[in-house]
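**Student:** next comes the sequence, and after it the predicted model I'd like to discuss.
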Amino acid sequence: MRADSSGTSTVVHAGAGELVVMWLGFPLLGAGAVGALAAGADWLTGRSWVPFQDVLKLVAGAPEPYVTIGAPLLGALAGLVVALIGTAERLTVTVERERIRLRRDRTRSEVSRRDAQAVFRDGNDLVVLGAAGQELVRESGELPGDRLAAALREHGWPWTEQDPYRNAYRRWVPELPGLPAGADALLRARQRALERGDGDDLRDLRTELGRLGVVVRDERKRQYWRPTDR
C-alpha cells in the first residue's frame, strides 16, 4: 500500500502489492480450483449433495486432453476476469489543499476543503462530513489508513480518528418516532437491500435519506441513524 506525493497533491491507493495478488493470485487460484474440480468430476457425479450435476456429467464425459488442459485454462481465465474487475473497482484518492478527488473505474467525484467539517475512516469507508454533519462522501476501499491520515493532515484537512457524531446514532426499528416524513419507508427499503447485499440500492437509498436530513450507518445488517444539524 502506498501514498505518492507530488508536492501539491498526494495520491493514496492500495499499491502494487494488491495488483500482484489479483493478477497473479486469482488466475492461479482459479486454475487450481477448476482443475481440481475437473479431476474429481467422476467421483462427484451422482452424489445428491453436490450441485450442478449436469455440468459435472459433461466434464466427466469430455475426452482427454481437453479436461486436463482445458479446465485449468478456463479457471485461469476466470481468475483474470476477476482481477480485471477488481482493478477497475480500486479506489484512488488524490488529496490537495483545496479539494479531495476520488476515482473508481469511470466514476469521478470531488469534495472541496471549505465544505468539510471532518474526515475519518468508518471501517473500510472514507467519510467526509459537511458543516451540518451531513455526509459529503462515503466511499469504500482498501486504503492504507495511516498514510491516508498523514496525507490529509499534510494538506490541512480536518482528520479525526473516529466519527465525531458516533454517539448520536440510534438503532432504526420500523415506525420509530422522530424520523422525518418519508424516512421510515426509505429505511425499510434499505433494510431489504442490506439483507440482499444490493450495493447499488444501498447507495441510492443512503443518498435519498441524506436529502431528508438523515445519516445512516450499518453494523452487521442493522441500520443506525442520526439527524443532521440543519
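**Tutor:** Done, it's in.
**Student:** residue ranges in this protein under the pLDDT threshold?
**Tutor:** The chain contains residues with pLDDT under 70 at 1-7, 15-16, 66, 230.
**Student:** which helix runs longest in the protein?
**Tutor:** The helix that spans the most residues within the chain, counting by DSSP state H, is helix 66-88.
**Student:** how much space separates the residue nearest to residue 62 when sequence neighbours are not counted from residue 52?
**Tutor:** Distances taken as Cβ to Cβ, 6 or more residues apart in numbering place residue 70 nearest to residue 62, at 7.9 Å, with adjacent residues excluded. From N, CA and C alone the C-beta is placed, and that goes for glycine too. Separation of residue 70 from residue 52 (Cβ to Cβ, to the nearest Å): 17 Å.
**Student:** residue 225 now?
**Tutor:** Here residue 225 is placed at a distance of 42 Å from residue 52 (Cβ to Cβ).
**Student:** give the contact list for the residue most central in space within the chain.
**Tutor:** Most central in the chain under Cα atoms, centre = their mean is residue 140, positioned 4.3 Å from the mean C-alpha point. If a contact means Cβ atoms under 8 Å, 6 or more residues apart in numbering, then residue 140 has 91, 123, 124, 125, 126 as its contacts.
**Student:** need the contact list for the second one.
**Tutor:** For residue 123, the contact set (Cβ under 8 Å, 6+ apart) comprises residue 140.
**Student:** and with 10 Å instead?
**Tutor:** Counting by Cβ atoms under 10 Å, 6 or more residues apart in numbering, residue 123 makes contact with 140, 217, 218, 219.
**Student:** same check, this time on the fourth one
**Tutor:** Contact criterion Cβ under 10 Å, 6+ apart gives 135, 137, 138, 139, 140, 141, 143, 217, 218 as the residues in contact with residue 125.
**Student:** give me the number of residues near the nearest residue to residue 46 once chain neighbours are set aside?
**Tutor:** Leaving aside its sequence neighbours, residue 46 sits nearest to residue 53 (Cβ to Cβ, 6+ apart; 7.5 Å). Counted with other Cβ atoms under 10 Å, residues neighbouring residue 53 total 13.
**Student:** how close does residue 53 sit to residue 30?
**Tutor:** 22 Å.
**Student:** then residue 195?
**Tutor:** Taking Cβ to Cβ, one finds residue 195 at 29 Å from residue 30.
**Student:** among these two, which residue is more densely surrounded?
**Tutor:** Neighbours were counted for residue 195 and for residue 30 using other Cβ under 10 Å; residue 30 has more, 22 against 9.
**Student:** any idea which element that one lies in?
**Tutor:** Per DSSP states H and E: residue 30 is located in helix 26-39.
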